[in-house]
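In: Quick one: sequence plus predicted model below, questions after.
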Amino acid sequence: MRELPRIRHEVLYGSRVVRCFADRPRNIDAMFRDAVATFADRDAVVDEDRRVTYAELDAQVEAMAAGLLSLGYGKGDRVALLMGNQLEFVVAVLAIARVGLISVPMNTRQRMPEIEFVLNQNKSAAVIASAAYAENIPPRDSVPDLRGVYLVGDGGSYPGAEPLEAIAAAQGDGVVFPDVDEEDTLCLLYTSGTTGKPKGAMLTHVSSIHSVMHFAWAFQLQEGDVAFLSVPASHVTGLIAIIFSAIHVGGTTVIVREFKARRFLELAEKEQINYSLMVPAMYNLCLLVPDFQKFNLDCWRVAGFGGAPMPQSTIEALARDLPNMVLHNVYGSTETTSPVTIMPAGRIAEHADTVGQVLPLADIVAVDDDGREVAPGESGELLIGGPMVVPGYWDNPEGNAKGFIGGYWVSGDVGSKDTEGYVRIVDRKKDMINRAGFKVYCIEVEDVLAGHPAVVEGAVVGVADEVLGEKVHAYLFLDGNEANADEIKRYCAARLSDYKVPDIVTFLDEPLPRNANGKVQKNALRDQTKA
């Protein structure tokens, strides 16, 4: 049993008094350096046919870090990462952290308008991208703060871009690395919201380290564990729960570039997987592989899931076919650097209606509409505090004012906490669809639909789906001009990440249903969807 680290109260960000792990790495680079010093010859990353030890990874990180400084990028500059799951992403995020720059991991499914907004909102100085996604990098005149674009691999080009190798090649003699404080921003992860505009959550070194230590304790991770990166590295789960947590225990991150159930199982057997954190749909797809039971997966010890409920049938099937595996539900968000609750080992059957138990350093308070704490077991909006909660959103005073109260993040989730600390989520205040673990905020899709010349008004709701959890359903009232569902989808696909594009489009013969105050009655639309 991994012992709970020593805990003490500390002041973070000048005004927050929170419980912290007293003995912790001073920043993410220090955590990585500790692993390099202890496990130099152990595989740190496996990416298809590339196996990289901790010593080799450190050499690549050092070269890129020195090159970034030699090229004139300084502490605090933002470097956007538009890459899929690949070794170069891991090298880049660690190199950027080493010299106090701020990485901005972006979803490769984003389209140019989304990317342009992010680059301009944080004034990114550079973009490191897979060449295959270069076509979605905005032209220079629309991103005036962008000084450099660096591409890796084949499949695309960008005017004036240099190969990724140019960064390491630029390193000069006598480069002095700046000191990196644990409260410095490590990365910006953009999350949409009810305003429709993405907000850059400022994950810090200290928030990330506490989440990593929570994962290691709650999952009972062991030295040298093999973790599978099968969710996007650009998401908080991939970055914190997999890449950084594996480094913390001197483990190996096995990169899954694209999730295909059979290929995943083949790789899991070959690499002897110990640890995963995926959405329930991925586990379901594995179970649907006809010869699933033939794979030797005895080492698969920890199976975390989140983003959607795990069907009881899946829980039972995994318990039957993989008796060595322990399932852990995880609840958290980008703003909390991921986990605030995790299901304790062996407790999922008796607490299947919960998202787990509050973690040692998390503080979850359910409040009523007047901001008063409700009794245990009663429902209220969840406010979440602790050292994992980010200090705020990048350059967004309005978002900070609405999203944080006294160091607590206003989750928008309605739920309850019982006397044992188990949390139940009963509703969402935010108008959001959960599509295979990806959050789709309805207003963002509605804003895009409103720009179509034939659309007078539109509304988006979620519709239940056995595989994805929910699909995106758009209801549209047109001005009489011709438009069909395929045209609407193509219009959205050019402006939105593919998972945000409506799966279903319904054209209405009359305007959207509204109440006396003029608010769209989405419940009536949901009733139509069910019918």
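Out: Thanks, I have the structure now. Numbering: from 1, shown residues only.
In: Put the alpha carbons of stretch 225-244 into PDB.
Out: The C-alpha trace of stretch 225-244 is given here as PDB (Å, rounded to 0.1, in the frame of the first residue of the first chain):
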ATOM      1  CA  ASP A 225       4.600   0.800 -14.100                       C
ATOM      2  CA  VAL A 226       3.700   0.800 -17.800                       C
ATOM      3  CA  ALA A 227       1.100   3.400 -18.700                       C
ATOM      4  CA  PHE A 228      -0.800   3.600 -22.000                       C
ATOM      5  CA  LEU A 229      -1.400   7.000 -23.600                       C
ATOM      6  CA  SER A 230      -4.500   6.200 -25.500                       C
ATOM      7  CA  VAL A 231      -6.300   9.500 -24.900                       C
ATOM      8  CA  PRO A 232      -5.100  12.800 -26.400                       C
ATOM      9  CA  ALA A 233      -1.800  14.000 -24.900                       C
ATOM     10  CA  SER A 234      -3.100  17.500 -25.300                       C
ATOM     11  CA  HIS A 235      -5.900  16.900 -22.800                       C
ATOM     12  CA  VAL A 236      -5.400  17.100 -19.000                       C
ATOM     13  CA  THR A 237      -5.900  13.300 -18.700                       C
ATOM     14  CA  GLY A 238      -3.200  12.400 -21.200                       C
ATOM     15  CA  LEU A 239      -0.700  15.000 -19.900                       C
ATOM     16  CA  ILE A 240      -1.200  14.700 -16.100                       C
ATOM     17  CA  ALA A 241      -2.600  11.300 -15.500                       C
ATOM     18  CA  ILE A 242      -0.500   9.400 -18.000                       C
ATOM     19  CA  ILE A 243       2.700  11.200 -19.100                       C
ATOM     20  CA  PHE A 244       3.600  13.000 -15.900                       C
END
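In: now for the longest helix belonging to the chain, which elements pack on it?
Out: Taking DSSP state H as the criterion, the chain has its longest helix at helix 54-70. In this structure, helix 54-70 makes packing contacts with helix 28-38, strand 43-47, helix 87-98, helix 165-169, judged by 3 or more C-beta pairs under 8 Å, 6 or more residues apart in numbering; DSSP states H and E. In short, each C-beta sits where N, CA and C put it, glycine included.
In: Just the angle for the second one relative to helix 54-70, thanks.
Out: With axes from the mean of the first three to the mean of the last three C-alpha atoms, to 10 degrees applied, the angle from strand 43-47 to helix 54-70 works out at 80 degrees.
In: Partner strands of strand 43-47 and their direction?
Out: As defined by DSSP bridges, the strand partners of strand 43-47 come to strand 50-53 (antiparallel), strand 252-255 (parallel).
In: what is the mean pLDDT for the first one?
Out: Summarised as a single mean, pLDDT over strand 50-53 is 98.
In: what comes into contact with it?
Out: Taking contacts as C-beta atoms under 8 Å, 6 or more residues apart in numbering, the residues outside strand 50-53 that touch it are A40, D41, R42, D43, A44, V45, V46, Q60, L87.
In: now do 10 Å
Out: Contact partners of strand 50-53, identified using C-beta atoms under 10 Å, 6 or more residues apart in numbering, comprise 36, 39-46, 56, 58-60, 86-87, 90-91, 252-255.
In: Just name the most buried of the helices and strands packed on helix 54-70.
Out: Mean neighbour count, computed with mean count of other C-beta atoms under 10 Å, is highest for helix 87-98 among the helices and strands packed on helix 54-70, reaching a mean of 25.
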